[in-house]
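**Q** structure of the sequence below:
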Amino acid sequence: MALKVLQSHIAQIDGLEVAGLCRNAVDAIKVLHQKTVDVLFLDIKMPMIIGTDFLRNLSHPPKVIFVTAFRDYAVEGFELNAVDYLVKPVSFERFLKAVDKLQRSDKDKKPFPDEQAYHSNPGAFVYLKAEKAMQKVFVQDIVYVESWKDYVQLYFKGGKKLLVKQSISAMEHLLSEHQFIRVHRSYIVSLEKVTGYTSAALTLPLGEIPIGRLYKQAVMNHLVTIL
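**A** Numbers count the residues shown, from 1 in each chain. Just a heads-up that it's a prediction; the model follows:
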């Protein structure tokens, strides 16, 4: 039930997507090894190991928000640098406050690289798995990327599309050094292809892409320096 409540809350917030739902520490370790995880919603009383001990044993832990029925571990949780400590049942209002804390904890971390940090390389390419084979894709040809559950759809100049077995978070990491930015939980765009914007959307050669609420300020700050 707790997992379902969290999943429902997360689904209502742009900028958050579920990397995995785990019922025990063993499953969580597998997800952490297989995927890039930015924040871990962690219970205290779990099978085999308690949440605080689990966190101590992680060599490179992501940010953590504890979600538990036990108030007694709050001090210990914050001593472990937890972003927040939520007590079940977790209302959406309280969950939203925790997400706000999470964002503010990143205030000293720039959401996107500085313009000069990008590599301008017209011949840059990546290999992506599509149609059961690795395909060479030239980065400069990509206009934007759209999330399709466990896949992403790449949109190219001229209208060509390519469905790739990859998460959007992984694609964000892969393209981040090539002037691509995440503007919505479902979209990554090429800065070079942006021809205009409003507070709600970006204009690209293939149409408009919405800007997610939680991405808006960072995107606007970045576009002002680019366009």
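
**Q** going forward, measure contacts and count neighbours with C-alpha atoms only.
**A** Noted.

**Q** show me where this protein has helices.
**A** 2-11, 25-34, 51-56, 74-79, 92-104, 168-175, 216-226 (DSSP state H).

**Q** is it possible to export those to a markdown table including mean neighbour count, distance to Lys136 and mean pLDDT?
**A** Listed next are those as a markdown table, based on neighbours: other CA atoms under 10 Å; distance: least, CA to CA, whole Å; pLDDT from 0 to 100:
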| stretch | mean neighbour count | distance to Lys136 | mean pLDDT |
| --- | --- | --- | --- |
| helix 2-11 | 14 | 33 | 88 |
| helix 25-34 | 14 | 23 | 86 |
| helix 51-56 | 17 | 39 | 88 |
| helix 74-79 | 14 | 46 | 80 |
| helix 92-104 | 15 | 35 | 88 |
| helix 168-175 | 17 | 14 | 84 |
| helix 216-226 | 14 | 28 | 72 |
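
**Q** export those to a markdown table and tack on distance to Ala133?
**A** Compiled in a markdown table, the helices of the chain are given as follows (distance: least, CA to CA, whole Å):
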| stretch | distance to Ala133 |
| --- | --- |
| helix 2-11 | 32 |
| helix 25-34 | 20 |
| helix 51-56 | 38 |
| helix 74-79 | 45 |
| helix 92-104 | 38 |
| helix 168-175 | 17 |
| helix 216-226 | 34 |
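
**Q** nearest to Phe156 among those would be which one?
**A** Shortest separation from Phe156 across these is recorded for helix 168-175, at 14.4 Å, computed as CA to CA.

**Q** for the protein, identify the residue most remote from the centre.
**A** The outermost residue of the chain relative to its centre, with distances by CA atoms, centre = their mean, is Asp72 at 30.8 Å.

**Q** compare the helices of the chain and give me the one nearest Ala130.
**A** Per CA to CA, nearest to Ala130 of the helices of the chain: helix 168-175, 13.5 Å.

**Q** what packs against that closest one?
**A** Applying 3 or more CA pairs under 8 Å, 6 or more residues apart in numbering; DSSP states H and E, one finds that helix 168-175 contacts strand 142-148, strand 180-184, strand 187-190.

**Q** which of these has the highest mean neighbour count?
**A** Greatest average neighbour count among the helices and strands packed on helix 168-175 goes to strand 180-184 (a mean of 25), per mean count of other CA atoms under 10 Å.

**Q** and that one, how far from the chain's centre?
**A** 10 Å (CA atoms, centre = their mean, to the nearest Å).

**Q** adjacent strands (with direction) for it?
**A** strand 187-190 (antiparallel) (DSSP bridges).

**Q** from Gly159, how far out is Lys132?
**A** Noted for Lys132: a distance of 22 Å to Gly159, by CA to CA, to the nearest Å.

**Q** do the same with Arg23
**A** Arg23 is 42 Å from Gly159, by CA to CA.

**Q** model confidence at the residue nearest to Thr203 when sequence neighbours are not counted, what's the number?
**A** Using CA to CA, 6 or more residues apart in numbering and skipping residues adjacent in sequence, the residue nearest Thr203 is Gly196, 5.0 Å away. Turning to Gly196, the model gives it a pLDDT of 89.

**Q** same question, Lys109
**A** On the pLDDT scale, Lys109 gets 49.

**Q** so which residue is smack in the middle of the protein?
**A** Short answer for the chain (CA atoms, centre = their mean): Ser169, at 5.2 Å.
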